[in-house]
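Undergrad: Let's see this in three dimensions:
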Amino acid sequence: MRTKILSTISLMGLILLTPAMLAAITLNVPADYITIQAGIDAAFAGDTVMVAPGIYTGDGNRDISFNGKNIVLMSSGGAGSTNIDCEADALNQHLAIILNDGEDTTSIIDGFTIQRAYNSDGAICIKGSPLYGIYTSAKVRNCIISKCTVPLSEYGGGAIAVRTRAWSLIENC
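TA: Numbering: from 1, shown residues only. You can find the predicted model right below:
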């Protein structure tokens, strides 16, 4: 009986310790996940979604959301070889990436060329929630943002929109 109780206690301790013991991992697009959004959807806080060089278009590779996860979205080849092409225009509006669910400064976008976004929120939008007091922040670094359009809007801009309880650090873009 004593052995059974100790085994149960040990098993419960292992279950309680497991989340703390999990190390951040790297999820590879497209090797492991066919789209950038699929990689993000599979990620947990602290993980890195590593995107291989290439041109990423279509659903799952535009209108990308971090979904409140504090992760790193990074290209393995840098902005010169990794392109998110939103393929957007006035009739088919899209942005590249949106962070609007309380992500913090450990949320990073690094090393992409982002082009042909057409959206009133800009190519990359970082915004909090005025209704719920949610702050959002992120780091955007080593990116090239070009050929993006914001239709007439009260916010202006075209590359990165940071608004409503949000702030961001933009480096080497």
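
Undergrad: what about the nearest residue to Y33 once chain neighbours are set aside, which helix or strand?
TA: Among residues not flanking Y33 along the chain, G39 sits closest, at 3.9 Å (C-beta to C-beta, 6 or more residues apart in numbering). In short, each C-beta sits where N, CA and C put it, glycine included. Here G39, judged by DSSP states H and E, is contained in helix 36-42.

Undergrad: Show me what that helix is packed against.
TA: Using 3 or more C-beta pairs under 8 Å, 6 or more residues apart in numbering; DSSP states H and E, the elements in contact with helix 36-42 are strand 26-29, strand 48-51, strand 64-65.

Undergrad: Going by neighbour count, list what's buried in it.
TA: I36, Q37, A38, G39, I40 (16 or more other C-beta atoms under 10 Å).

Undergrad: Show me the residue sitting in the middle of this structure in space.
TA: By C-alpha atoms, centre = their mean, the chain has its centre lying nearest to F66, at 4.0 Å.

Undergrad: which residues does it contact?
TA: F66 is in contact with I40, L73, I97, I98, L99, D101, E103, S107, counting by C-beta atoms under 8 Å, 6 or more residues apart in numbering.

Undergrad: Format the residues you listed as JSON lines; extra columns: secondary structure, pLDDT and distance to N119.
TA: Below are the contacts of F66 laid out as JSON lines (DSSP: H, G, I helix; E, B strand; the rest coil; pLDDT from 0 to 100; distance: C-beta to C-beta, whole Å):
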{"residue": "I40", "secondary structure": "helix", "pLDDT": "98", "distance to N119": "19"}
{"residue": "L73", "secondary structure": "strand", "pLDDT": "97", "distance to N119": "18"}
{"residue": "I97", "secondary structure": "strand", "pLDDT": "88", "distance to N119": "11"}
{"residue": "I98", "secondary structure": "strand", "pLDDT": "86", "distance to N119": "9"}
{"residue": "L99", "secondary structure": "strand", "pLDDT": "82", "distance to N119": "14"}
{"residue": "D101", "secondary structure": "coil", "pLDDT": "77", "distance to N119": "18"}
{"residue": "E103", "secondary structure": "coil", "pLDDT": "84", "distance to N119": "19"}
{"residue": "S107", "secondary structure": "coil", "pLDDT": "90", "distance to N119": "20"}
